[in-house]
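Asks: Any chance you could fold what I've pasted below:
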Amino acid sequence: MTDRQRTREPAGPPETFVKQVKDALEHLYDLPTLQRHPLARGDGLGTDTSDEMAGQHLRRELADAIEALNPGEDVPFRAPHARLYNVLVLHYLERETVQEVAYRLGVSPRQALRNLRQGEKSVAAVLWARRSMPASQQPSAVQLSSFQAEMDRLEARPRPTDLYSLLRRAQTAVEPLAVQRSITLCTDCPEKPVSLSTDPIMAEQVLVSAISHAVRQAQPGTLTLTLVARAEEVSLTLRYIPKPVAADAPVISSTVAQLVDRLGWTVERGEQLEGCQTIVLHMAVRFPTVLIIDDNEGLASLLERYLTDQACRVIAVMDGQEGLRLAQRLLPDAIVLDVMMPGMLGWEVLQQLQGDPQTADIPVVVCSVIIEPELAQALGASIFLSKPVRRYDVLAVLRRLGVV
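Replies: Next up, the predicted model:
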């Protein structure tokens, strides 16, 4: 028997496993369902893992399996071999409908649905392969389920997120615990959607943990959740009457405090009035802004498409004077500037940006067919990009500048 005959390809996942993965993906933001899901108990975490941790681990495991299909940042968004990954991200992580996904990818809804089914099988194959590793290669149950192991592997993946929807799901997850303790959860939220740039999975876990922590500290009665949206910040205030022994307890657990730090949020104990405890979670709402100054409308649209799945705001103008005015008013996180523009050359725009103390510190990426990187840097540009530009180059530059 030859080595070729002895070597067997790893068996693929059975159909029942694929169906379980599909069901788990469909409930990715439904933590109570994930906590009870068969896959949450079949990952080697051990029977001592809490329901909350098991559901959260499964959610992160599914997100990691999707990310394993990422073809790379240099691959165009609509490239056929990137389609499975993008369909999964748009439908399951960003919760777009199949019709919306099809429109974004420039394919028919039927094709998008076929790609979605193929993507689900691919995610199942990744999970099956990881869970089928020999025991000697697998971390122990204690290692897998330890909090620090989870924290070490967490990486925030911010994207535009509807915080009101996260809060509603968190409230649903904690409701059974509140009922057990004779506590009524009441929400006071703005009528309009409240959006901010954050990692939706980590953010929801913070909300679930913060609310459940408050429920455990509260006396029977009402726990009010007040969501307030301002220009630069969203805040969530939890108000309740604490148990006598809980009046001086920490506002959140130390584990949740680490997640809060990862998200760039803060939490504080508010003023105690009429015996009510108030806990305030402060969340920065501002999206990084990229200002594009280029008279080529097609390039501006191209750059906007390149950044469509990034948690940033893209504003494009087609002449230098308007670009200077907006730069002074918006103070963007980065400016992408063309050189060849009618009326005012990009070089002049760059010099005026550098000469104004208000805009001098804004990173400027000169993007042009005129190959003059030394001149661009001498005039104060941070980086020079030659046209035509690729998505990978744009993202790499903006990452280097700390914008995305």
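
Asks: Extract the CA atoms of stretch 382-389 and return them as CSV.
Replies: Extracted in CSV, the C-alpha atoms of stretch 382-389 (Å, rounded to 0.1, in the frame of the first residue of the first chain):
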residue,chain,number,x,y,z
SER,A,382,2.1,62.1,5.4
ILE,A,383,2.1,59.5,2.6
PHE,A,384,2.1,59.5,-1.2
LEU,A,385,0.0,57.0,-3.2
SER,A,386,0.2,56.8,-7.0
LYS,A,387,-2.8,56.2,-9.1
PRO,A,388,-4.4,53.9,-9.9
VAL,A,389,-5.0,52.9,-6.3
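
Asks: In three-state terms, label the nearest residue to Val206 once chain neighbours are set aside for me.
Replies: Once flanking residues are discounted, Val206 sits nearest to Leu259: 5.1 Å by Cβ to Cβ, 6 or more residues apart in numbering. Every residue, glycine included, has its C-beta placed from N, CA and C. Of the three states, Leu259 takes helix under DSSP: H, G, I helix; E, B strand; the rest coil.

Asks: got it, and Leu28?
Replies: Quick answer, by three-state DSSP: Leu28 is coil.

Asks: what's it sitting at in phi/psi?
Replies: Phi and psi for Leu28, reported as degrees, to the nearest 10, are phi -60, psi -30.

Asks: What is the burial count for it?
Replies: Using other Cβ atoms under 10 Å, the number of residues around Leu28 comes to 19.

Asks: quick one: contacts of stretch 104-118?
Replies: Stretch 104-118 is contacted from outside by 77-78, 83-84, 86-88, 90-91, 96, 98-99, 101-102, 308, using Cβ atoms under 8 Å, 6 or more residues apart in numbering.

Asks: how many neighbours does Leu259 have?
Replies: So Leu259, with other Cβ under 10 Å, has 22 neighbours.

Asks: Surely it touches Gln205?
Replies: Yes - if you go by Cβ atoms under 8 Å, Leu259 and Gln205 touch, sitting 6.3 Å apart.

Asks: Quick check: phi and psi at Lys387.
Replies: Main-chain torsions, Lys387, degrees, to the nearest 10: phi -80, psi 150.

Asks: same check, this time on Ile371
Replies: Torsion angles, degrees, to the nearest 10, at Ile371: phi -80, psi 90.

Asks: Thought Lys387 was touching it, still the case?
Replies: No - Ile371 lies out of contact with Lys387 (Cβ under 8 Å); the separation is 9.5 Å.

Asks: Between the two, which is the more surrounded one?
Replies: The neighbour comparison of Ile371 against Lys387 (other Cβ under 10 Å) goes to Lys387, with 15 against 11.

Asks: so what pLDDT did that one get?
Replies: At Lys387, the model reports a pLDDT of 78.

Asks: Same question for Leu330.
Replies: 82.

Asks: what's the burial count for the closest residue to it other than its chain neighbours?
Replies: The shortest distance from Leu330 to any non-neighbouring residue, by Cβ to Cβ, 6+ apart, is to Thr289 (5.9 Å). Thr289: 18 surrounding residues under other Cβ under 10 Å.

Asks: again with Asp294
Replies: For Asp294, using other Cβ under 10 Å, the count is 26.

Asks: give the contact list for it.
Replies: Contacts of Asp294 (Cβ under 8 Å, 6+ apart): 300, 316, 318, 336-338, 341, 367.

Asks: remind me which residues of the stretch 51-200 of the chain are low pLDDT?
Replies: 51-53, 73-74, 133-159 (pLDDT under 70).

Asks: can you do 50?
Replies: For the stretch 51-200 of the chain, the stretches with pLDDT under 50 are 135-149, 152.

Asks: Could I get the phi/psi values of the closest residue to His282 other than its chain neighbours?
Replies: In this structure, His282 finds its nearest non-sequential neighbour in Thr266, 4.6 Å apart by Cβ to Cβ, 6+ apart. Dihedral pair for Thr266: phi -140, psi 160, per degrees, to the nearest 10.

Asks: Touching, Thr266 and Ile279? I think so.
Replies: No - using Cβ under 8 Å, Thr266 makes no contact with Ile279, being 11.5 Å away.

Asks: the more surrounded of these two?
Replies: Ile279 (21 against 15).
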